[in-house]
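1. Below is the sequence, then the predicted model.
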Amino acid sequence: MKNEINILYFASLAESLNRDDEKFELKSESLNSLQLKKELATRGQEWEVLLDPSTRSSVNLVIANDDTEIKPGDEVAFFPPVTGG
Amino acid sequence: MKNEINILYFASLAESLNRDDEKFELKSESLNSLQLKKELATRGQEWEVLLDPSTRSSVNLVIANDDTEIKPGDEVAFFPPVTGG
Amino acid sequence: MITIQEHDFDVAHEYQNLLQKNVTGGVVIFSGLVRDFSEHHDHLTIQHYPNMTEKVLEKIEAEAHQRWPLLETRIIHRVGKLSVNDQIVFVGVSSAHRKAAFLACEYMIDILKTQAPFWKKEGGEWVEAKDSDNDVADAWLTK
Amino acid sequence: MITIQEHDFDVAHEYQNLLQKNVTGGVVIFSGLVRDFSEHHDHLTIQHYPNMTEKVLEKIEAEAHQRWPLLETRIIHRVGKLSVNDQIVFVGVSSAHRKAAFLACEYMIDILKTQAPFWKKEGGEWVEAKDSDNDVADAWLTK
C-alpha cells in the first residue's frame, strides 16, 4: 500500500508487544515520531511503553526524537536502551 | 677495600666519561649524593655533567636526590633521563 | 573496518592487521568477555538491529579518525548465543602516537556501549542499561 | 608479571595469559613498536640498568594494583638490538571493569616511559627524553 511504513521492535519491546515488525498504514501524508507513538499507544496499556522516556526510536536507521518526520516507505524502529559491548 | 662503593654509568654518560663502572674509595664514613658528584666533578670538565640538573642518580637501585646518604658497599649509578617504552 | 558476526574472533590475527609497516608506533586493544553473571545461567544471547548496527559502528570509527591521528581501526561485535568466557567485542587502534591510540580505543568502546543497537539477554532476562555507561559516553560527547 | 628480554614476545600468548576464568570482563593491551625514525639507520639499541629495571617495573605493577581493581597485569620490555617494525614493549591488563583496565594500562606505560631505566640509541645517537612524556607521568603522580 502506498501509505505504509515498516515498524520494527527489538529486545524487551518485541517481547512485551509480542511482535518483531509490522506494516502500518499512515492516515496522513506524514506525521512525526511523537504522533506515531501516541497513535500506537491507543492500542492498549502494554503499548504505552512507547511513550516512556527510556524508549528509543530510529527512522531509516538514524536515531529519532519526537519531532522526527515519518513518511510513507520509512522504516521506523522502537527499542529499549542498548546494552552491547 | 672496606670503604669502597661501586659506581655505574649508563648510556650517554658512560660514553662521555668513557667507563661503565668503577670502584671508588670514600674518604669519610659516609657522604651524600651531592658531595659525591662534586668530588667526581673535580676530575675534569667532562665530569661536570654529573652536576647537571638533568643527570639522574640512584643508590642501591632506588632513585636518589642530592641528600641521599651513601655508605661503603653501596651501588651508586649515574644516568641521563630514561627513554624506554 | 567493522564486522558483526556470530563466530569468534582471533585477537592475534586482528593485532597483526592493525600494524602498518614502518609507521606504527603503538597499538591499543580492548577485548570484552562474558563474565560469570549468575549462578543459574551460563550463557547470554545478543540481539541486534541489522543495518543500523553497521551504520552506527562505521560512524563511531569515522568520528575517531576525525578526532585523533590514527592509522588503522577495527571493531568486531559478536551476536547470537555466547557462553561465559567467550569473547564478545574487540576494539583495536594503531597510531604513530600512543596517547591517540589509547583515547581512540576507549572512545570507540564507550560510544559503542551507548549507541550501537545491541541488546543482551542473560538467561531469560534482558540486561538493563547502566547509568555509568551513559555518563562516560556523555563525557566524550561534550568535549 | 614483568620480564626484560632480548627476544620477541607473542601478543596472542600474552593475551591468553591475562584471562582469568569466569571473572575477566575486559582486557586492555598496549604494544609499542619501532617506527621508521631515520633515512640513514634502520635499527636501534636499548640499554638498561639490570636489577633496577626489574625493581622499578615491579613497583609500577604493584602501584597499578593498588589504584584499580585488576586481575592480571603484564609488562614486557625488550633490550638489545631492534629493527624497524619490531615490537619493543608490551603492557597488558585484565579486569572485571573496562575503565580500570584502560586506566591501569595507560598508567603503566606512562610511568614506565619516565621511570624505568632504559635508554634508546638510534643509529649512533642517544635518544633525548621528551617533555611530553614527563608531563603525562606527572599528571598521574599528582592525582
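-> Here it is on my side, so go on.

2. Which residue ranges of chain C form strands?
-> In chain C, the strands defined using DSSP state E lie at C:2-5, C:26-33, C:43-48, C:73-78, C:80-83, C:87-95, C:118-122, C:125-126.

3. how about JSON lines for these, with mean pLDDT, mean neighbour count and distance to A:Phe79 added?
-> The C-beta positions use only the backbone N, C-alpha and C, and glycine is treated the same way. Output for the strands of chain C, formatted as JSON lines (pLDDT from 0 to 100; neighbours: other CB atoms under 10 Å in any protein chain shown; distance: least, CB to CB, whole Å):
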{"stretch": "strand C:2-5", "mean pLDDT": "98", "mean neighbour count": "16", "distance to A:Phe79": "16"}
{"stretch": "strand C:26-33", "mean pLDDT": "98", "mean neighbour count": "25", "distance to A:Phe79": "21"}
{"stretch": "strand C:43-48", "mean pLDDT": "95", "mean neighbour count": "19", "distance to A:Phe79": "9"}
{"stretch": "strand C:73-78", "mean pLDDT": "98", "mean neighbour count": "23", "distance to A:Phe79": "16"}
{"stretch": "strand C:80-83", "mean pLDDT": "96", "mean neighbour count": "13", "distance to A:Phe79": "18"}
{"stretch": "strand C:87-95", "mean pLDDT": "98", "mean neighbour count": "25", "distance to A:Phe79": "19"}
{"stretch": "strand C:118-122", "mean pLDDT": "96", "mean neighbour count": "22", "distance to A:Phe79": "7"}
{"stretch": "strand C:125-126", "mean pLDDT": "94", "mean neighbour count": "16", "distance to A:Phe79": "11"}
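
4. For D:Tyr49, which of the ones you listed is the nearest?
-> strand C:26-33 (23.8 Å; CB to CB).

5. which helices and strands sit right next to that closest one?
-> Here strand C:26-33 touches helix C:11-18, strand C:87-95, helix C:98-115, strand D:26-33, helix D:98-115, going by 3 or more CB pairs under 8 Å, 6 or more residues apart in numbering or on different chains; DSSP states H and E.

6. Report the inter-axis angle for that strand versus helix D:11-18.
-> Calculated by axes from the mean of the first three to the mean of the last three CA atoms, to 10 degrees, strand C:26-33 forms an angle of 40 degrees with helix D:11-18.

7. Strand partners (parallel or antiparallel) of strand C:26-33?
-> strand C:87-95 (antiparallel), strand D:26-33 (antiparallel) (DSSP bridges).

8. The residue in chain C that chain B sits nearest to: what's it in contact with?
-> Residue nearest to chain B within chain C (CB to the nearest CB): C:Arg98, separated by 8.2 Å. Going by CB atoms under 8 Å, 6 or more residues apart in numbering or on different chains, C:Arg98 touches C:Gly25, C:Gly26, C:Val28, D:Phe30, D:Gly32, D:Ile109.

9. Tell me the one of the residues you listed nearest chain A?
-> The nearest one, if we look at those relative to chain A and count by CB to the nearest CB, is C:Val28, at 16.2 Å.

10. Surely A:Leu50 and A:Phe78 touch.
-> Yes: if you go by CB atoms under 8 Å, A:Leu50 and A:Phe78 touch, sitting 5.8 Å apart.
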